[in-house]
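[1] make a model of this:
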Amino acid sequence: MSGGDHRSFRSLLLAVPAAVRRDYAGTLLAQWFVLGSGLLLFHLVAERGSVDGFAYYQIARGTVSIFQPLVLVGLGQALQRYLPRSHTGTERLARRAILSQACVAGVFALGGVALSPWLARFLGLGGGAAAVGAVLIMLTGSSLCALAVAALRGTHQVARSNTVSMVGFGLVPLTAFALADRIDDFLILQGAGMALVAAWGAVTIRRQRPAPPAPHHHSEPTMRTLLRYGVRRLPGDIALPALFTYPTFAVAAVLPGGAEAGYVGFATSAVTLICSFFGMLTPVLLPRLSRLFHRPGRDGATVRMLTTLPVFAAGLASVPAAVFALLAPVLVRGFLGPEFAAAAGVLRAGVLAAIPLAMFYAARPTLDALLETPVISRLLLVCLAIEVLVTHAAQNVFAAPYAAVVALCAAATVLGVCSERLVVRALRTAPS
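    Numbers count the residues shown, from 1 in each chain. Below you'll find the predicted structure:
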């Protein structure tokens, strides 16, 4: 960055209220703890399960990432958007959403058990029905925990939401791994533990701030409001994790049983780690922006900050991306072991996707707060289609792992650039 860029960035930081900076720092630390736990599990699973066990664990994680949005039915974002606008019955609405999601998870699990032989073949899970059942338990617990965290964020219980996140997604998996001898048992214990943490989070939901007075044209949000907003965004909620997991599945389909799927999974996890800086903007900013845009009148400084945020995010993301690219062999050897040395090149290429993805994550809270129409959902679907098409086309030129990460970078570039343009347009045309 030039000197002018540094001054602009400093001005941008100073324009952010102290409470927002504090909540962002706490939420980012919680997310780092969760990601650190996940990276440690990468090492532990690779050490205990060797190449085959590592690939199996990657497939299980990818399965949960893909199917969790179906179980959540978009309620996570809806709670963070509408609970700050609720005036009466906030706690009741949040707990009703969690109970509804638990019912959906139960139905989904029963359907998965009925289809377990087919699902085991489709996902490439060698354990058959037992492996599918373990993944379904992990899916249920993870979904319940994610919704409890979203509800706590929507009621501005930031510290409590971070605690639930760290315990449910960080400590519980590590404890489950220490108690389990097999991957199947590890997944089952992890899912059950996360469900218990979600129940603890749900009973502690309390409104922390008085809601703003409702404009005459806005009614109290209801369960129907949450579902309408969430279901319309469900395709995008599925497409976003699919952008990260499709490369792993695509390589696993071309090279079944090979270690290459694990290489790609490790690269996408590195991208996720970098994007954690910016993904945490949504849980911190969305409830606040929802309240802000719910009231008449807007602060010009806030609008300018939101307009420039995606560009600054891309600049910041380029620094850790360069570090990952330079240190790829050392990182692979340290986390996975010397037998995974071939993953270094895949990591070096794939990590570049973090730069445009940072733009998307920085733009998303503004778009979610401002737009009723599911514009982001449509954009994510387009980018997923781009990734699929480029993956298959690039396999004619590159080896399967490299084709997958090249496609990820292409889709991420379209997503980041378009998101930045959408923010500029939305802030320009939104009513004052």
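
[2] ranges for the strands of the stretch 151-300 of the chain?
    For the stretch 151-300 of the chain, no strands are identified by DSSP state E, counting those that start in this stretch.

[3] hmm, who's touching the helix or strand hosting L93?
    Here L93, judged by DSSP states H and E, is contained in helix 90-114. Here helix 90-114 makes contact (C-beta atoms under 8 Å, 6 or more residues apart in numbering) with 67, 70-73, 75, 78-79, 83, 86, 119, 129, 132-133, 136-137, 139-140, 143-144, 147-148, 151, 154-155, 198, 202, 205-207, 211, 221-223, 226. C-betas here are computed from N, CA, C, even on glycine.

[4] which helices and strands does the helix or strand just after that helix pack with?
    Following helix 90-114 in sequence order, the next helix or strand is helix 116-123 (DSSP H and E). Using 3 or more C-beta pairs under 8 Å, 6 or more residues apart in numbering; DSSP states H and E, the elements in contact with helix 116-123 are helix 129-154.

[5] show me what the mean pLDDT comes to for the longest helix anywhere in the chain.
    Across the chain, the longest stretch assigned as helix under DSSP state H is helix 18-72. Averaged over helix 18-72, pLDDT sits at 80.

[6] next, the angle helix 129-154 makes with that helix.
    Put simply, helix 18-72 runs at 150 degrees to helix 129-154, going by axes from the mean of the first three to the mean of the last three C-alpha atoms, to 10 degrees.

[7] tell me what angle helix 18-72 forms with helix 116-123.
    Helix 18-72 and helix 116-123 are oriented at 120 degrees to each other (the same axes, to 10 degrees).

[8] now helix 18-72 and helix 90-114, what's the angle there?
    In terms of direction (the same axes, to 10 degrees), helix 18-72 departs from helix 90-114 by 40 degrees.

[9] now do helix 18-72: distance to the chain's middle.
    Relative to the chain's own centre, helix 18-72 is displaced by 10 Å; criterion: C-alpha atoms, centre = their mean, to the nearest Å.

[10] next: stretch 87-103.
    Relative to its chain's centre, stretch 87-103 lies at 22 Å (C-alpha atoms, centre = their mean).

[11] just the CA coordinates of it, formatted as PDB?
    Extracted C-alpha coordinates of stretch 87-103, given in PDB (Å, rounded to 0.1, in the frame of the first residue of the first chain):
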ATOM      1  CA  HIS A  87     -39.600  -5.300  19.700                       C
ATOM      2  CA  THR A  88     -41.600  -7.900  21.600                       C
ATOM      3  CA  GLY A  89     -41.000 -11.600  22.000                       C
ATOM      4  CA  THR A  90     -37.500 -11.600  20.800                       C
ATOM      5  CA  GLU A  91     -36.400 -14.600  22.900                       C
ATOM      6  CA  ARG A  92     -39.500 -16.500  22.000                       C
ATOM      7  CA  LEU A  93     -39.000 -16.000  18.300                       C
ATOM      8  CA  ALA A  94     -35.300 -17.100  18.500                       C
ATOM      9  CA  ARG A  95     -36.100 -20.300  20.500                       C
ATOM     10  CA  ARG A  96     -39.000 -21.100  18.100                       C
ATOM     11  CA  ALA A  97     -36.600 -20.800  15.200                       C
ATOM     12  CA  ILE A  98     -34.100 -23.200  16.900                       C
ATOM     13  CA  LEU A  99     -36.900 -25.700  17.700                       C
ATOM     14  CA  SER A 100     -38.100 -25.600  14.100                       C
ATOM     15  CA  GLN A 101     -34.600 -26.200  12.900                       C
ATOM     16  CA  ALA A 102     -34.300 -29.200  15.200                       C
ATOM     17  CA  CYS A 103     -37.400 -30.700  13.700                       C
END
